[in-house]
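Enquirer: What shape does this take:
(one chain, ligands or ions: 2)
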Amino acid sequence: MTCDTLHNLTIVKERLAARGLFPGTSGNLGIRNDDGTLYVTTSGVDKYITNDRSFVHVSKEGKPLTELKPSLETVLHVEIFKRTKARTSIHIHTVSNNVISEIYGNQGKIVFRNQELIKAFGLWHEEDVLTIPIIDNPSDVSHLAELLVPHLTADHGAVLIRNHGINVWGRTSTEAMKLFEAAEFLFDYQLQLNAAQYYIKGEK
Ligand SMILES: CSCCC(=O)C(=O)COP(=O)(O)O
Ligand SMILES: [Zn+2]
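Expert: Ligands and ions are numbered 1, 2, ... in the order given. From the prediction side, this is the model:
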């Protein structure tokens, strides 16, 4: 039901908005309907308010079905929904995800192990490792989508775009939110750990 999907996407948007996660109109969201069409957030609008111009109904290829302008990054949501069974896709810019993407960008990934919250990604064993890929941020969004596609290998996941933001996707809105929150926790943890280790080293 498309009104259920719109309702779910509105809840996700309002939860993110309540935490101030759409700075400078950044960020966008997508959800897939049963018929393959999507709702995505409108491009360039204030995402802290919700009204009848907040979401755009687009075709499965990302073409607008109304007069509203869909997110400039709609193609990323389109590729995620085309290649996985995900139903919800979240793209958010935070300072932490940007700093992590710059520090680890040359390695092309950030790896977490021995951290409880990797369980949010379904990694329950002591030896499990969470790898979040980091891709470049070309200004041409079609090129950006080409860089994202090789990482769309599971129905839930996360990818960092260097000095830009994170894309997470999940089979449900709840799952996508869980992955987003867990990833941001891990980024904050890593940054604080790096700072503490640097400080301790300097003391010696
Ligand atoms: C002002 S943020 C630059 C564009 C961007 O990265 C973004 O996430 C928001 O773009 P949209 O077209 O979805 O508003
Ligand atoms: Zn963005």
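
Enquirer: Wait, Gln107 touches Ile134, no?
Expert: Yes - look at Gln107 against Ile134 with Cβ atoms under 8 Å: they come within range, at 7.4 Å. No exception for glycine: its C-beta is placed from N, CA and C like everyone else's.

Enquirer: Within range of ligand 1, give me the residues from this protein.
Expert: 24-28, 41, 43-44, 71-73, 91 (Cβ under 6 Å from any ligand atom).

Enquirer: Which ones among those lie within strands?
Expert: 28, 41, 91 (DSSP state E).

Enquirer: what bits of this protein have low per-residue confidence?
Expert: 1 (pLDDT under 70).

Enquirer: Centroid-nearest residue for it?
Expert: Centroid check for the chain by Cα atoms, centre = their mean gives Asn167 as the closest residue, at 2.3 Å.

Enquirer: List the buried residues of the helix or strand hosting that one.
Expert: Asn167 is part of strand 165-170 when elements are defined by DSSP states H and E. Counting neighbours by 16 or more other Cβ atoms under 10 Å, one finds that the buried residues in strand 165-170 are 165-170.

Enquirer: what's the angle from the helix or strand following that strand to strand 165-170?
Expert: Where DSSP H and E defines the elements, the next helix or strand beyond strand 165-170 is helix 173-203. Inter-element angle recorded for helix 173-203 and strand 165-170: 140 degrees (by axes from the mean of the first three to the mean of the last three Cα atoms, to 10 degrees).

Enquirer: so Val40 touches Gly30, yeah?
Expert: Yes - the pair Val40 / Gly30 is scored as a contact, 4.5 Å apart, by Cβ under 8 Å.

Enquirer: which neighbours do these two share?
Expert: Any residue near both Val40 and Gly30 by Cβ atoms under 8 Å, 6 or more residues apart in numbering counts here, and that gives 71, 74, 77.
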